[in-house]
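Chemist: Show me the folded form of this:
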Amino acid sequence: MRAYRRSVYDLGMRVLVSLLFLIPLCAQPPQDAPKKGGGGQRQPPKNLKVLKVQGPELIPLMRTYTVALGGVKCDYCHVAAQPPDFASDENPKKEIARHMITMAQEINARFPDGKEHVTCYTCHRGDPIPKMVPAPAAPAAQ
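Modeler: Prediction:
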(Lines give C-alpha, C1' and ligand atoms only; values in the text may rest on other atoms or scores of the structure.)
Protein backbone atom coordinates (compact mmCIF):
# COMPACT_ATOMS: atom_id res chain seq x y z
CA MET A 1 0.00 0.00 0.00
CA ARG A 2 2.87 2.37 0.86
CA ALA A 3 4.51 1.76 -2.56
CA TYR A 4 1.21 2.55 -4.27
CA ARG A 5 0.89 5.90 -2.41
CA ARG A 6 4.48 6.78 -3.26
CA SER A 7 4.00 5.99 -6.95
CA VAL A 8 0.81 8.08 -7.03
CA TYR A 9 2.69 10.93 -5.32
CA ASP A 10 5.60 10.61 -7.80
CA LEU A 11 3.21 10.62 -10.74
CA GLY A 12 1.34 13.59 -9.32
CA MET A 13 4.54 15.57 -8.80
CA ARG A 14 5.75 14.79 -12.32
CA VAL A 15 2.48 16.00 -13.79
CA LEU A 16 2.56 19.13 -11.61
CA VAL A 17 6.12 20.03 -12.57
CA SER A 18 5.38 19.35 -16.25
CA LEU A 19 2.38 21.66 -16.10
CA LEU A 20 4.48 24.26 -14.33
CA PHE A 21 6.68 24.48 -17.39
CA LEU A 22 4.03 23.97 -20.08
CA ILE A 23 1.39 26.47 -18.94
CA PRO A 24 3.60 29.56 -19.44
CA LEU A 25 4.63 28.29 -22.87
CA CYS A 26 1.01 27.83 -23.92
CA ALA A 27 0.14 31.34 -22.72
CA GLN A 28 2.57 32.96 -25.18
CA PRO A 29 1.28 34.77 -28.24
CA PRO A 30 2.25 33.19 -31.56
CA GLN A 31 5.79 34.08 -32.57
CA ASP A 32 4.60 35.71 -35.80
CA ALA A 33 2.12 37.98 -34.03
CA PRO A 34 2.88 41.67 -34.55
CA LYS A 35 4.38 43.36 -31.52
CA LYS A 36 2.59 46.31 -29.94
CA GLY A 37 4.42 49.59 -29.85
CA GLY A 38 7.10 51.06 -32.11
CA GLY A 39 7.32 47.95 -34.26
CA GLY A 40 11.07 47.83 -33.78
CA GLN A 41 13.17 44.91 -32.64
CA ARG A 42 13.39 44.11 -28.95
CA GLN A 43 16.69 44.92 -27.36
CA PRO A 44 18.78 41.89 -26.41
CA PRO A 45 18.72 41.16 -22.67
CA LYS A 46 21.34 42.96 -20.62
CA ASN A 47 22.89 42.25 -17.22
CA LEU A 48 22.20 38.50 -17.26
CA LYS A 49 24.69 37.38 -14.62
CA VAL A 50 23.24 33.94 -13.78
CA LEU A 51 20.85 33.03 -16.57
CA LYS A 52 22.52 31.63 -19.67
CA VAL A 53 19.65 31.97 -22.13
CA GLN A 54 19.08 33.65 -25.47
CA GLY A 55 16.50 36.40 -26.01
CA PRO A 56 13.51 34.27 -27.10
CA GLU A 57 14.01 31.85 -24.19
CA LEU A 58 14.08 34.54 -21.51
CA ILE A 59 10.40 35.50 -21.32
CA PRO A 60 9.10 31.90 -21.00
CA LEU A 61 11.71 31.31 -18.28
CA MET A 62 10.58 34.42 -16.41
CA ARG A 63 7.00 33.18 -16.66
CA THR A 64 7.98 29.94 -14.92
CA TYR A 65 9.37 32.04 -12.07
CA THR A 66 6.07 33.95 -11.96
CA VAL A 67 4.14 30.68 -11.61
CA ALA A 68 6.53 29.28 -8.99
CA LEU A 69 6.20 32.45 -6.89
CA GLY A 70 2.42 32.61 -7.00
CA GLY A 71 1.88 35.08 -9.84
CA VAL A 72 4.21 37.90 -8.79
CA LYS A 73 4.61 40.68 -11.34
CA CYS A 74 7.87 41.75 -12.99
CA ASP A 75 8.39 44.55 -10.49
CA TYR A 76 8.71 42.01 -7.68
CA CYS A 77 12.37 41.55 -8.70
CA HIS A 78 12.85 44.31 -11.27
CA VAL A 79 12.69 48.07 -10.79
CA ALA A 80 9.29 49.50 -11.68
CA ALA A 81 9.96 52.35 -14.07
CA GLN A 82 8.59 53.78 -17.29
CA PRO A 83 9.94 52.41 -19.54
CA PRO A 84 10.92 49.34 -17.51
CA ASP A 85 14.63 48.92 -16.79
CA PHE A 86 15.05 45.17 -16.44
CA ALA A 87 18.86 45.49 -16.35
CA SER A 88 18.85 47.59 -13.16
CA ASP A 89 20.09 45.97 -9.95
CA GLU A 90 18.40 48.49 -7.61
CA ASN A 91 15.79 46.02 -6.31
CA PRO A 92 17.49 43.79 -3.69
CA LYS A 93 15.09 40.92 -4.48
CA LYS A 94 16.81 40.55 -7.85
CA GLU A 95 20.09 39.60 -6.16
CA ILE A 96 18.23 37.18 -3.86
CA ALA A 97 16.66 35.59 -6.94
CA ARG A 98 20.11 35.22 -8.49
CA HIS A 99 21.38 33.43 -5.38
CA MET A 100 18.40 31.07 -5.37
CA ILE A 101 18.73 30.33 -9.10
CA THR A 102 22.43 29.58 -8.58
CA MET A 103 21.54 27.31 -5.64
CA ALA A 104 19.06 25.33 -7.76
CA GLN A 105 21.59 25.07 -10.61
CA GLU A 106 24.28 23.78 -8.22
CA ILE A 107 21.93 21.20 -6.70
CA ASN A 108 20.84 19.97 -10.13
CA ALA A 109 24.46 19.76 -11.29
CA ARG A 110 25.12 17.16 -8.55
CA PHE A 111 22.72 14.66 -10.12
CA PRO A 112 24.53 12.36 -12.54
CA ASP A 113 21.58 12.02 -14.94
CA GLY A 114 21.73 15.70 -15.98
CA LYS A 115 18.01 16.21 -15.39
CA GLU A 116 16.42 19.10 -13.56
CA HIS A 117 15.31 17.79 -10.16
CA VAL A 118 15.00 21.08 -8.25
CA THR A 119 13.16 24.20 -9.43
CA CYS A 120 11.93 27.36 -7.75
CA TYR A 121 8.59 25.63 -7.22
CA THR A 122 10.29 22.91 -5.16
CA CYS A 123 10.51 25.31 -2.20
CA HIS A 124 8.20 28.20 -3.06
CA ARG A 125 5.09 26.14 -3.90
CA GLY A 126 3.33 29.13 -5.44
CA ASP A 127 4.29 31.62 -2.72
CA PRO A 128 6.85 34.47 -2.89
CA ILE A 129 8.30 33.34 0.45
CA PRO A 130 9.70 29.76 0.39
CA LYS A 131 7.74 27.21 2.37
CA MET A 132 9.78 26.09 5.38
CA VAL A 133 7.35 23.57 6.91
CA PRO A 134 4.33 21.72 5.56
CA ALA A 135 0.91 23.27 6.05
CA PRO A 136 -0.84 22.05 9.20
CA ALA A 137 -3.10 19.07 8.66
CA ALA A 138 -6.82 19.72 8.67
CA PRO A 139 -8.60 18.44 11.78
CA ALA A 140 -10.15 15.02 11.29
CA ALA A 141 -13.92 14.98 10.85
CA GLN A 142 -15.76 13.18 13.62
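
Chemist: going forward, measure contacts and count neighbours with C-alpha atoms only.
Modeler: Fine.

Chemist: which regions of this structure sit below the pLDDT cut-off?
Modeler: The model of the chain has pLDDT under 70 over residues 1-6, 8-9, 25, 27-42, 142.

Chemist: From the chain's centroid, how far away is stretch 45-52?
Modeler: On the basis of CA atoms, centre = their mean, to the nearest Å, stretch 45-52 sits 15 Å off its chain's mean C-alpha point.

Chemist: what about it, start to end distance?
Modeler: 11 Å (CA to CA, to the nearest Å).

Chemist: what residues does that stretch touch?
Modeler: Around stretch 45-52, the neighbours that count as contacts under CA atoms under 8 Å, 6 or more residues apart in numbering are Gly55, Phe86, Ala87, Ser88, Arg98, Ile101, Thr102.

Chemist: now with 6 Å?
Modeler: Here stretch 45-52 makes contact (CA atoms under 6 Å, 6 or more residues apart in numbering) with Ala87.

Chemist: Next one: Pro84 from Asp75, what distance?
Modeler: Distance, Pro84 to Asp75, using CA to CA: 9 Å.

Chemist: what does Val15 give?
Modeler: From Val15 to Asp75 the distance is 29 Å (CA to CA).

Chemist: okay, Pro84 and Asp75: which has more neighbours?
Modeler: Asp75 (15 against 12; other CA atoms under 10 Å).

Chemist: Spatially nearest residue to the spatially most central residue of the chain (excluding sequence neighbours)?
Modeler: For the chain, Tyr65 is the residue whose C-alpha lies nearest the centre (CA atoms, centre = their mean; 2.1 Å). Distances taken as CA to CA, 6 or more residues apart in numbering put Cys120 closest to Tyr65, at 6.9 Å, once the chain neighbours are dropped.

Chemist: Count residues in the vicinity of the one you found, would you?
Modeler: Other residues near Cys120 come to 21 when the count uses other CA under 10 Å.
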